[in-house]
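# structure here, sequence nowhere to be found:
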């Protein structure tokens, strides 16, 4: 039996190598990720109720949304007004949803191919990147009227607000820059060259700096809003197609979704280095973080949701499985812990699926 076992093992290795080369165009490399970086390729430390395909999520309801069965994108939740702002990319509008009543309040239209949305309660503004016209729309959150349209590079996507500097930063995927906009005047201040396509852009409230993922370079750039310059670039080894970004400022951690190789990178903002990389669902996109629970949700184009809990300065995967088709956008309510997934086609109609953690006492 031993010769047969050896032959079987060799055959498995050959199949794995052929599969890897076919899918990636590259031979497997043992040196793509430094040994000092933690890697995981499957769920670890799973509780009995959170095995793959059995997510620790309980669906409460599906609420019908306006518009057609077309693609959604980013969301932004304003706890002060109990509003969830949802980019309905395929319909060129932003849906305003009341999370206290589970009803649609209205739609802000004329936002061609809207991608990023960001509510800034202290300014009573909502910002939306309209990729179809390469603009950032500035919306009054009282009237829901567009009060300004600002040129925002080539293919504007993610949006962040640097509160102390009072500036808006918009990542421009094709322009390979971040566009900087004065939040008071709604005028472009400058553009910051990144050397690669800009993924998502986020603000760290502790350092008061802007961080942006950079496509092609597989790195994360740090921007000082006082200088509007890139002050550091950090490599993300083993992360291909760095795109989605979320920051836990309290614990000095950044999480990066690697859309081209289904990975999630963990970056220590204190140590200024990547410390771990985990496997997630194919084509990961939007990330959401529940601060009180220390829980990270990773949504993916494939419909697979990966859920991690913070443990110290790292993550432990507690569940992973198929949730719904095109479940690539996720938002979380920090007060109720409800999790929101806009789904473009459920029975031919768009819905907002609302879920709760099933492994927590609420």
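Sure, I can see it. What you see is a predicted model, and the numbers here were worked out from it, not measured in a lab. Residues are numbered from 1 along each chain as shown.
# just name the shakiest helix or strand of this protein by mean pLDDT.
Scoring the helices and strands of the chain by mean pLDDT, DSSP states H and E places helix 2-24 at the bottom, with a mean of 40.
# centroid-nearest residue for the protein?
The residue lying closest to the centre of the chain (Cα atoms, centre = their mean) is residue 286, at 2.5 Å.
# what helix or strand is it on?
strand 284-290 (DSSP states H and E).
# which helices and strands sit right next to the helix or strand following that strand?
Downstream of strand 284-290, the next assigned helix or strand under DSSP H and E is strand 295-300. Packing partners of strand 295-300 (3 or more Cβ pairs under 8 Å, 6 or more residues apart in numbering; DSSP states H and E): strand 253-258, strand 284-290, strand 304-311. Glycine gets a C-beta too; all of them are placed from N, C-alpha and C.
# so for strand 295-300, mean pLDDT?
Mean pLDDT, computed over strand 295-300, is 98.
# partners of that strand in the sheet?
Paired neighbours of strand 295-300 in the sheet (DSSP bridges): strand 284-290 (antiparallel), strand 304-311 (antiparallel).
# any idea of the angle that strand forms with strand 253-258?
10 degrees (axes from the mean of the first three to the mean of the last three Cα atoms, to 10 degrees).
# quick one: residues in contact with strand 295-300.
If you take Cβ atoms under 8 Å, 6 or more residues apart in numbering as the criterion, strand 295-300 is touched by 244, 246, 255, 257, 262, 264, 280-290, 305-310, 315, 323, 327-330, 332, 339, 341, 357.
# can we see that at 7 Å?
With contacts defined as Cβ atoms under 7 Å, 6 or more residues apart in numbering, strand 295-300 is touched by 255, 257, 264, 280-289, 305-309, 315, 327-330, 332, 339, 341.
# one more: stretch 57-68?
Stretch 57-68 has contacts (Cβ under 7 Å, 6+ apart) with 88, 90-91, 93, 95, 102, 104, 107, 339, 342, 346, 349-358.
# buried set for that stretch?
Buried residues in stretch 57-68, defined by neighbour count with 16 or more other Cβ atoms under 10 Å: 57, 62-63, 65, 67.
# same thing with stretch 197-212?
Neighbour count says stretch 197-212 has 197-204, 209-212 buried, by 16+ other Cβ under 10 Å.
# CSV for the residues you listed, including distance to residue 80?
Formatted as CSV, these follow (distance: Cβ to Cβ, whole Å):
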residue, distance to residue 80
197, 34
198, 29
199, 28
200, 23
201, 23
202, 20
203, 18
204, 22
209, 25
210, 23
211, 25
212, 27
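# which one of those is nearest to residue 273?
Of all the buried residues of stretch 197-212, residue 273 sits closest to residue 211, with 13.7 Å by Cβ to Cβ.
# hmm, the closest one is touching residue 202, no?
Yes. In terms of Cβ atoms under 7 Å, residue 211 counts as a neighbour of residue 202; the distance is 5.4 Å.
# among the contacts of strand 295-300, name the buried ones.
Counted by 16+ other Cβ under 10 Å, the contacts of strand 295-300 give 255, 257, 264, 280-281, 283-289, 305-309, 315, 327-330, 332, 339, 341 as buried.
# and the pLDDT for residue 40?
For residue 40, the pLDDT comes out at 66.
# show the end-to-end separation of stretch 243-256, please.
One end of stretch 243-256 sits 7 Å from the other (Cα to Cα, to the nearest Å).
# same question for that stretch: list its buried residues.
Using 16+ other Cβ under 10 Å as the test for burial, stretch 243-256 gives 243-249, 252-256.
# next one: stretch 180-194
Quick answer for stretch 180-194 (16+ other Cβ under 10 Å): 180-181, 183, 186, 188-189, 191-192, 194.
# how about stretch 116-128?
116-120, 123, 125-128.
# about what we covered before: buried among the contacts of stretch 57-68? Need that as a selection in PyMOL.
The following PyMOL line selects those of these that are buried, judged by 16+ other Cβ under 10 Å:
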select buried, resi 88+90+91+93+95+104+107+339+342+346+350+351+352+353+354+355+356+357
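# how many neighbouring residues does the closest residue to residue 272 other than its chain neighbours have?
In space, and not counting its chain neighbours, residue 272 is closest to residue 234: 6.4 Å by Cβ to Cβ, 6 or more residues apart in numbering. For residue 234, the neighbour count with other Cβ atoms under 10 Å is 19.
# now residue 235: closest residue in space that isn't a chain neighbour?
Per Cβ to Cβ, 6+ apart, closest to residue 235 is residue 219, 5.2 Å.
# show me the contacts for the one you found.
233-236, 242.
# dump those into a markdown table; add distance to residue 150, secondary structure and pLDDT as well.
Shown next, in a markdown table, are the contacts of residue 219 (distance: Cβ to Cβ, whole Å; DSSP: H, G, I helix; E, B strand; the rest coil; pLDDT from 0 to 100):
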| residue | distance to residue 150 | secondary structure | pLDDT |
| --- | --- | --- | --- |
| 233 | 27 | strand | 98 |
| 234 | 29 | strand | 98 |
| 235 | 32 | strand | 98 |
| 236 | 30 | coil | 98 |
| 242 | 26 | strand | 96 |
